[in-house]
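In: here is a sequence with its predicted model. Questions after.
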Amino acid sequence: MSNIAITDAIAPSTAAKPLLTRLGAGFVNRLVIIVPYVWLLFFFLIPFVIVFKISLSQTAIAMPPYTPVLDFRDGISGFFAGFRNLNFDNYVWLTQDALYFKAYITSVVIAAISTVLTLLVGYPIAYGMARAPATIRPTLLMLVILPFWTSFLIRVYAWIGILKPEGLLNQLLLSLHIINQPLVILNTYTAIFIGIVYSYLPFMVLPLYSSLEKMDYSLIEAAKDLGCPPTSAFWKITFPLSLPGVIAGCLLVFIPAVGEFVIPDLLGGSSTLMIGKTLWNEFFANRDWPVSSAVAVILLLLLTVPIMLFQQAQAKAQEQGK
Amino acid sequence: MKSLGSIRRDFAPWNDPNAKPYIQFDNVTKKFGDFTAVNNLSLTIFEREFFALLGASGCGKSTLLRMLAGFEEPSAGRILLDGQDLRGIPPYRRPVNMMFQSYALFPHMTVENNIAFGLKQEGMAKPEIEKRVAEMLKLVKLEQFAKRKPHQLSGGQRQRVALARSVAKRPKVLLLDEPLGALDKKLREETQFELMDLQQELGLTFVVVTHDQEEAMTMADRIAIMDKGEVMQVATPAEVYEAPASRFVAHFVGNVNMFEGKVAERSANTTRITGATGAQIVVDNASDTSKGADIIFAIRPEKIKVSSKKPADAVNALEGEVYDVAYLGDMTVYHIKLDDGQIVRASALNAARVTEDPLTWNDRAWVSFRPDAGVVLTR
């Protein structure tokens, strides 16, 4: 009994101080987490709720161009009365006009093809960087990030100058007598692919590089030592171990590419049907805020799935540790 | 000097002039830019031998191993394995396997897939692979860990997986690069004996690279002591210790006392040496030394007796003062400062329980040793 009494007497005094510091540390920790969440609440969640509400409204020739507008002019009951006029008509409309479905599909397909192309271009670059002498790696890394120093818009405009019929590329090919007639690249899907691959390459290269760089080269030597030729060693060891980087890179390219507007607009011409352009048209040309809001909500849901996949892959990579 | 006993009874192919060498380095040189890692080195290793390359870091021992594995090609000279010139044969076609210092286990594969990796490359049939993997897991006592990933294992278990993976293909030669370097002392000592047993059981030729002389002495049939890309001596552990070929080897392996001096007189059986500081030492006849030659007399601490009175029958006895005493439990180490100024290290086994200090700081003391206790070195 006396033992218990002693521990009881000691316990509060020894626990008191750590508890206090723990509370303090907990508060600081929470504060650190709270700041970004408050940010997301105000600048993502609340705007999204507003957009979602607009997507349930009807278009109207008014300011703002939709009805009902929820306000407190008629008191609380008037505010809630407005809810009764909200419905999913716009979403039904999206399913009835094949245009939207096509635009979504085209966007996803273009984004997917572009992602694969970016991976094919980016992997050798990342691999070369990771295998380069350690002294020049920071320079190579810098060169990959360098294009970010110039405005994205200007760089896409520059591609028009390169790809147009009388552009730099055609002039070069013509002068070398490789082609007799200028190639039509601008205002085609090819131009969109070139634009996306070019613009998003760093987002592919950086995660690939980071996963390839930390790979122990003796693993490749071990594979060779056990009778595995170099090509086979790449597919059996290097590639599987770089998968977290491959997945991260692909999602970092795919997600923004689906909603991409500038590149298809500038390089793809008027005929390209991508969801970003459709959204732009609904909003600015048709002034149909409710439908464009519905388009945006669906697009967001379409992108949430890959993001969740991405996070799962990251969690898995973290769990694997090394 | 007659060859000293090998650690295995009746295994000494290096003394047999008719024995066929298994691995042969013929005047091998390896340069990395301006740096010469291996310099015109020749070495012979026999079948079923447990051979150790011992040296400090940067002495070229790992480069030698990597050339054998095929990761580096010699800049000059050739390497023969079982009579076949290895030049130009890539690592994946060489009948040798290596156990890496970092183990290099494939992190995305289970233990059994790691072990099966080399067998799959060979195109071995599936049931056979399964049989061999089970056999290997049993050999390294990891049966219950077959489905684990490397990061779920302890350091010692990973070491055993690496070992199992490297012997699974039954290579002609197993190369081990600091195989026990990452283990703690106790585990390292246990594993040394496990490795020796394994080598006996499988009947393979082992070439191990290590910087740990104790490890090399424990495991190897013969040791090559390397320095600056050259082999200083190749001999059995006992020979390396008892009859070092040079000052470097004597210093590198174990502790040693060195007396610089000149050959003062040679008679039928003995040589008298006058130390640089005047000490007179009589030793059994040293080979190829003539009167007046500059030599070094090297003697191990445990071969020197320390006493408080001059031993009556001692041929060699030098007087001095106790400078330092270190009691290590199993033995006591004395540093005796001789009257000519040289400090001699002597160790005495504490065979009986030490109850009082027989000798202590600043006592007068005599060091004595037999004429055959040390070696005369000419280089």
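Out: Looks like it arrived, so ask away. Quick caveat: nothing in here was measured; it's all calculated off a predicted structure.
In: contact residues of chain A facing chain B?
Out: Where chain A comes near chain B, counting by C-beta under 8 Å from any C-beta of the partner chain, the residues are A:216, A:218-219, A:221-229, A:232, A:236-237, A:240-241, A:320-322. Bear in mind the C-beta positions are built from the backbone N, C-alpha and C, glycine included.
In: now the buried members of the residues you listed.
Out: Buried subset of the residues of chain A next to chain B (neighbour count, 16 or more other C-beta atoms under 10 Å in any protein chain shown): A:216, A:218-219, A:221-228, A:236-237, A:241.
In: which of those residues fall in helices?
Out: Here DSSP state H is the test, and those give A:218-219, A:221-225, A:241 as lying in helices.
In: packing partners of the helix or strand hosting A:Ala103?
Out: A:Ala103 is located in helix A:98-131, with elements delineated by DSSP states H and E. Packing partners of helix A:98-131 (3 or more C-beta pairs under 8 Å, 6 or more residues apart in numbering or on different chains; DSSP states H and E): helix A:89-96, helix A:137-145, helix A:189-213, helix A:239-258, helix A:275-280, helix A:289-320.
In: which two among the ones in helices among the buried ones among the residues of chain A next to chain B are spaced furthest apart?
Out: Taking every pair in these and measuring C-beta to C-beta, the maximum separation is 17.1 Å, between A:Asp225 and A:Leu241.
In: could you check the pLDDT of the residue of the stretch 251-379 of chain B found nearest chain A?
Out: Of all residues in the stretch 251-379 of chain B, B:Phe252 sits closest to chain A, at 27.9 Å by C-beta to the nearest C-beta. In this prediction, B:Phe252 carries a pLDDT score of 90.
In: which SS class is the residue nearest to it when sequence neighbours are not counted?
Out: Counting by C-beta to C-beta, 6 or more residues apart in numbering or on different chains, the nearest residue to B:Phe252 once its immediate chain neighbours are dropped is B:Ile225, at 6.0 Å. The three-state label for B:Ile225, taken from DSSP: H, G, I helix; E, B strand; the rest coil, comes out as strand.
In: who's B:Ile225 bridged to?
Out: Beta bridges link B:Ile225 to B:Leu54, B:Gln233, judged by DSSP bridges.
In: my guess is it contacts B:Gly55. True?
Out: Yes: contact criterion C-beta atoms under 8 Å: B:Ile225 and B:Gly55 qualify, at 6.4 Å.
In: what's the overlap in contacts for these two?
Out: Shared contacts of B:Ile225 and B:Gly55, defined by C-beta atoms under 8 Å, 6 or more residues apart in numbering or on different chains, are found at B:Phe252.
In: could you single out the nearest of the ones in helices among the buried ones among the residues of chain A next to chain B to A:Leu183?
Out: Checking these against A:Leu183 by C-beta to C-beta gives A:Leu241 as the nearest, at 39.7 Å.
In: the closest one: what's it in contact with?
Out: Residues in contact with A:Leu241 (C-beta under 8 Å, 6+ apart) are A:211, A:215, A:219, B:107-108.
In: pLDDT weak spots in the chain?
Out: In the absence of a named chain, this looks at chain A. Per-residue confidence for chain A (pLDDT under 70) gives these ranges: A:1-25, A:306, A:317-322.
In: my question was about chain B
Out: Screening chain B residue by residue with the criterion pLDDT under 70, one finds the ranges B:1-9, B:285-288, B:356-357.
In: so the residue in the stretch 1-150 of chain A that chain B sits nearest to, which of the three states?
Out: Of all residues in the stretch 1-150 of chain A, A:Pro133 sits closest to chain B, at 12.9 Å by C-beta to the nearest C-beta. Using three-state DSSP, the secondary structure recorded for A:Pro133 is coil.
In: can you check B:Gln101 too?
Out: Assigned state for B:Gln101: coil (three-state reduction, three-state DSSP).
In: can you get me a residue count around it?
Out: B:Gln101 has 17 neighbours, counted by other C-beta atoms under 10 Å in any protein chain shown.
In: how close does it get to chain A?
Out: With distances defined as C-beta to the nearest C-beta, to the nearest Å, the gap from B:Gln101 to chain A amounts to 8 Å.
In: likewise for B:His211?
Out: Per C-beta to the nearest C-beta, B:His211 is found 18 Å from chain A.
In: list the residues that contact that residue.
Out: For B:His211, the contacting residues are B:54-57, B:178, by C-beta under 8 Å, 6+ apart.
In: out of those, the closest to chain A would be?
Out: Sorting these by distance to chain A puts B:Glu178 at the head of the list, at 12.3 Å, by C-beta to the nearest C-beta.
In: contacts only, for the closest residue to that closest one other than its chain neighbours.
Out: The spatially closest residue to B:Glu178, leaving aside those adjacent along the chain, is B:Gln101, at 4.4 Å (C-beta to C-beta, 6+ apart). B:Gln101 is in contact with B:177-179, B:181-182, counting by C-beta under 8 Å, 6+ apart.
In: how about these in CSV, adding neighbour count?
Out: Formatted as CSV, the entries for those read as follows, by neighbours: other C-beta atoms under 10 Å in any protein chain shown:
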residue, neighbour count
B:Asp177, 22
B:Glu178, 20
B:Pro179, 27
B:Gly181, 15
B:Ala182, 15
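In: which one of those is nearest B:Thr270?
Out: Looking at the contacts of B:Gln101 and their distance to B:Thr270, the nearest is B:Glu178, at 44.2 Å (C-beta to C-beta).
In: so what does the closest one have for phi and psi?
Out: Backbone torsions for B:Glu178, taken as degrees, to the nearest 10, come to phi 40, psi 60.
In: okay, it and B:Ala293: tell me how far apart.
Out: Relative to B:Ala293, B:Glu178 is positioned 40 Å away (C-beta to C-beta, to the nearest Å).
In: burial count for the nearest residue to A:Leu206 once chain neighbours are set aside?
Out: The shortest distance from A:Leu206 to any residue that is not its chain neighbour, by C-beta to C-beta, 6+ apart, is 6.8 Å, and that residue is A:Val144. The tally of other residues near A:Val144 (other C-beta under 10 Å) stands at 18.
In: how close does A:Val144 sit to B:Thr218?
Out: Applying C-beta to C-beta, one obtains 51 Å for the distance of A:Val144 from B:Thr218.
In: and if you look at B:Asn113?
Out: As judged by C-beta to C-beta, B:Asn113 and B:Thr218 stand 33 Å apart.
In: the residue nearest to B:Leu153 when sequence neighbours are not counted: what's it in contact with?
Out: Nearest residue to B:Leu153 in three dimensions, chain neighbours excluded: B:Phe145, at 6.4 Å (C-beta to C-beta, 6+ apart). For B:Phe145, the contact set (C-beta under 8 Å, 6+ apart) comprises B:111, B:137, B:153, B:157, B:161.
In: which one of those residues sits in the busiest neighbourhood?
Out: Looking at the contacts of B:Phe145 with neighbours defined as other C-beta under 10 Å, the largest count falls to B:Val111 at 28 neighbours.
In: run a quick neighbour tally on the nearest residue to A:Asn180 once chain neighbours are set aside.
Out: With sequence-adjacent residues excluded and distances taken as C-beta to C-beta, 6+ apart, A:Asn180 is closest to A:Leu174, at 7.6 Å. The burial count assigned to A:Leu174 is 15, neighbours taken as other C-beta under 10 Å.
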